[in-house]
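**Q** fold the following and give me the result.
(one chain, ligands or ions: 3)
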Amino acid sequence: MDETRRQYSFMDEARQYVAGEAARLGRPLTYHVTTFGCQMNARDSEKLSGILEMIGYLPGEEEEADLVLINTCTVRENANQRVYGRLGQLGGQKKRRPGMVIGICGCMMQEADEVERIRKTYRFVDLVFGTHNIFQLAELLVRRFRQREMVVDVWDGAKEIVEDLPAVRKYPFKSGVNIMFGCNNFCSYCIVPYVRGRERSREPGDILREAERLAQDGVVEIMLLGQNVNSYGKTLGTPMSFAALLREMEKVEGIRRIRFMTSHPKDLSQELIQVMASSHKICRHLHLPLQSGSTRILQAMNRRYTKEGYLALVERIREAMPDISLTTDIIVGFPGETEEDFEETLDVVRRVRYDSAFTFLYSKRTGTPAAAMDCQVDPGVAHRRFDRLLREVQDIAAQEARRYEGQTMEVLAEEVNRQQAGMLTGRLSNNFTVHFPADPSLIGKLVQVRLEKCCGFYYVGELA
Ligand code: SAH
Ligand code: SF4
Ligand code: F3S
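**A** Ligands and ions are numbered 1, 2, ... in the order given. The predicted structure follows:
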């Protein structure tokens, strides 16, 4: 709590500076946060935006904003490349408008080499910080305003979870809620445990209080966020299971839909399956990353389940919830992956029949055990496998999507359809999208929609 108060006093100080600048320029100052990466980063960006708005910045376009923050991802090589591309453009912008403040934060900044590169090559950057101290944004800005040179502050690990700081939401009616930070799994290809630190769970009381406040503020759908939500609560003073947290969350009045991300198959308990099956609020969607269908590769990935174990788990889930939608993540071309290993992955895809799958080419991350493994797969071979997998995944998904055609289902109306006038876009409990003609006043409401036609990955429907 003391840290929270400290940060609010920095927000006060920064606000005075921003107000002074705005008076001098005769217009309000604006900000823009560009986010790469996962839902965790998206939520962090909402917190960063919350602090910036508290300080007096208004939301603005990236091309004109007085302050631009880039919240980075480093999970794959192409994520890094995109960040440097964006940073180059911002450098040009700052030449034309020297008063601009440019900040870079997030997972990439937890890597010493990347910070060095910014210091040497991108000297126009004003602020560099990492994943553990985003709550310090106001404090770092104050330092920048005072010292007028690049402020670099990256922590090796988190000291505490700072609660009760402001956040803005992209959508008024739905919100992410962090339930845990970091990851202890050390899958051998993955950089996340190194850049996000050890697993820490928030106190259930803090999580529920946040959910209650969000509900009072008009939120009807909550997405519980963690790298491995199934191990929630294990490190708490009084341990609590994820299933037990869900049972409490279910009681929060006003919350109509509960989602969560991501589930690690090795920790998905029977208790969780039961809680999901008997819940009226938990959505009928489970994202269950497979990564590979080959037990041998799974072992090399340090995933700690087998092909058979994964398939048995899927069977138990489907038995309890026949209408559940399953989606997944798959990596192609992990070191040592043979044609036989890849066939095992295709086999799981054909048996499970996912509604969608994120497929990734293996990307070597320096510092992870897999980067040091010999027998890295030839890029040409990996690309061909990737294309085969993608085709299989898309064919199956297109066939499966049709199964709800003609049914009437509950839809959360989310936004105006950008392609077609008079249409809204919403989501089913199972995460499928639906376009239907309706008035924008329904946005944020749960409505019954008849799913008239399946068009590949989405439905077109009519209000029932
Ligand atoms: N915590 C989540 C995933 C976080 S990263 C989980 O365990 O499922 C999101 C996805 O990126 C992973 O599921 C994985 O499929 C992919 N990924 C992670 N590291 C990668 C790498 N080095 N190369 C390619 N894909 C990777
Ligand atoms: Fe990465 Fe594995 Fe942790 Fe997911 S569970 S974040 S893939 S180490
Ligand atoms: Fe990327 Fe960091 Fe998420 S590396 S995937 S933004 S935790």
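
**Q** so where do the helices sit in the chain?
**A** For the chain, the helices defined by DSSP state H cover 2-25, 39-55, 77-96, 112-121, 137-147, 192-196, 204-216, 242-250, 270-277, 295-300, 307-320, 339-352, 379-401.

**Q** any part of the fourth one near ligand 3?
**A** Looking back up the chat, that one is helix 112-121. No: legend: contact between helix 112-121 and ligand 3 by CB under 6 Å from any ligand atom is lacking; minimum distance shown is 11.6 Å. To be clear about C-beta, it is placed using only N, CA and C from the backbone, and glycine gets the same treatment.

**Q** what mean pLDDT does that helix get?
**A** Mean per-residue pLDDT for helix 112-121: 96.

**Q** can we start the residue count at 839 from this point?
**A** Okay, using 839 as the starting number, the last item reads as helix 950-959.

**Q** relative to helix 915-934, how tilted is it?
**A** For helix 950-959 against helix 915-934, the angle by axes from the mean of the first three to the mean of the last three CA atoms, to 10 degrees is 20 degrees.

**Q** which helices and strands does helix 950-959 pack with?
**A** strand 965-967 (3 or more CB pairs under 8 Å, 6 or more residues apart in numbering; DSSP states H and E).

**Q** so which of the helices of the chain comes closest to ligand 2?
**A** helix 1030-1034 (3.6 Å; CB to the nearest ligand atom).

**Q** what's in contact with the closest one?
**A** 878, 912-913, 945-946, 948-949, 968-969, 1019-1024, 1065, 1205-1206 (CB atoms under 8 Å, 6 or more residues apart in numbering).

**Q** so how far is it off the chain centroid?
**A** A distance of 14 Å separates the centroid of the chain from that of helix 1030-1034, by CA atoms, centre = their mean, to the nearest Å.

**Q** hmm, it in reach of ligand 2?
**A** Yes: residues of helix 1030-1034 contacting ligand 2 under CB under 6 Å from any ligand atom: 1030-1031.

**Q** state the distance from residue 1043 to residue 1091.
**A** 17 Å (CB to CB, to the nearest Å).

**Q** among the contacts of helix 1030-1034, name the buried ones.
**A** The neighbour count (16 or more other CB atoms under 10 Å) marks 878, 912-913, 945-946, 948-949, 968-969, 1019-1021, 1023, 1065, 1206 as buried among the contacts of helix 1030-1034.

**Q** and ligand 2, which of the residues you listed reach it?
**A** 1021, 1023, 1065.

**Q** of these, which is the nearest to ligand 3?
**A** residue 1065 (6.9 Å).

**Q** list the contacts of that closest one.
**A** With CB under 8 Å, 6+ apart, residue 1065 has these contacts: 878, 1018, 1020-1021, 1023, 1030, 1034, 1037, 1100.

**Q** could you list which of those also contact ligand 3?
**A** Near ligand 3, by the rule CB under 6 Å from any ligand atom, you find 878, 1030, 1034 out of those.

**Q** let me have those in CSV, extended by pLDDT and distance to residue 962.
**A** Formatted as CSV, those follow (pLDDT from 0 to 100; distance: CB to CB, whole Å):
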residue, pLDDT, distance to residue 962
878, 95, 28
1030, 97, 29
1034, 96, 28
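
**Q** distance between the helix-or-strand element of the chain with minimal mean pLDDT and the chain's centre?
**A** Lowest on mean pLDDT, DSSP states H and E among the helices and strands of the chain sits helix 915-934, with a mean of 92. Offset of helix 915-934 from its chain centre (CA atoms, centre = their mean): 22 Å.

**Q** counting neighbours, what do you get for the residue of the stretch 1089-1238 of the chain found nearest ligand 3?
**A** Minimum separation of the stretch 1089-1238 of the chain from ligand 3 (CB to the nearest ligand atom) falls at residue 1203, amounting to 9.3 Å. Number of residues near residue 1203 (other CB atoms under 10 Å) recorded here: 22.

**Q** and residue 1242, by the same measure?
**A** 19.

**Q** list the contacts for residue 905?
**A** Here residue 905 is in contact with 867-870, 890, 895, 938-941 (criterion: CB under 8 Å, 6+ apart).

**Q** generate a ChimeraX selection restricted to the buried subset of these.
**A** Remark: buried members of the contacts of residue 905, expressed as a ChimeraX selection using 16+ other CB under 10 Å:
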select :867,868,869,870,890,895,938,939,940,941
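
**Q** ok, the contacts of residue 905 vs ligand 1, which is closest?
**A** Once CB to the nearest ligand atom is applied, the member of those that ends up nearest ligand 1 is residue 941, at 23.8 Å.

**Q** name whatever forms a beta bridge with the nearest residue to that closest one once chain neighbours are set aside.
**A** Nearest residue to residue 941, sequence neighbours excluded (CB to CB, 6 or more residues apart in numbering): residue 965, at 3.5 Å. Beta-bridge pairing for residue 965 (DSSP bridges): residue 941, residue 989.

**Q** tell me how many other residues crowd residue 965.
**A** 21.

**Q** mind saving the C-alpha coords of stretch 898-914 as CSV?
**A** Taking Å, rounded to 0.1, in the frame of the first residue of the first chain, the C-alpha atoms of stretch 898-914 are listed here in CSV:
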residue,chain,number,x,y,z
GLY,A,898,-4.0,10.3,-29.3
GLU,A,899,-2.7,8.9,-32.6
GLU,A,900,0.8,7.5,-32.6
GLU,A,901,1.9,9.8,-35.5
GLU,A,902,1.1,12.9,-33.4
ALA,A,903,1.3,11.9,-29.8
ASP,A,904,3.6,13.8,-27.4
LEU,A,905,4.4,10.7,-25.6
VAL,A,906,4.7,7.3,-27.2
LEU,A,907,5.3,4.1,-25.3
ILE,A,908,6.2,0.8,-27.0
ASN,A,909,5.4,-2.3,-24.9
THR,A,910,7.5,-5.0,-26.4
CYS,A,911,7.4,-8.8,-26.8
THR,A,912,10.4,-11.0,-27.3
VAL,A,913,8.8,-14.5,-27.5
ARG,A,914,9.9,-15.0,-31.2
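
**Q** avg pLDDT for stretch 1041-1060?
**A** If you average the pLDDT over stretch 1041-1060, you get 97.

**Q** show residues contacting that stretch.
**A** Counting by CB under 8 Å, 6+ apart, 999, 1001, 1007, 1010-1015, 1017, 1062, 1071, 1074, 1078, 1083, 1086-1087, 1090-1097, 1250, 1282, 1284 sit against stretch 1041-1060.

**Q** near ligand 2, which residues of the stretch 939-1088 of the chain are found?
**A** 1021, 1023-1025, 1028, 1030-1031, 1065-1066.

**Q** swap the cut-off to 5 Å and go again
**A** Listed as neighbours of ligand 2 in the stretch 939-1088 of the chain under the rule CB under 5 Å from any ligand atom: 1021, 1023, 1025, 1028, 1030, 1065-1066.

**Q** could you identify the most distant pair in the residues you listed?
**A** 1028 and 1066 (11.2 Å; CB to CB).
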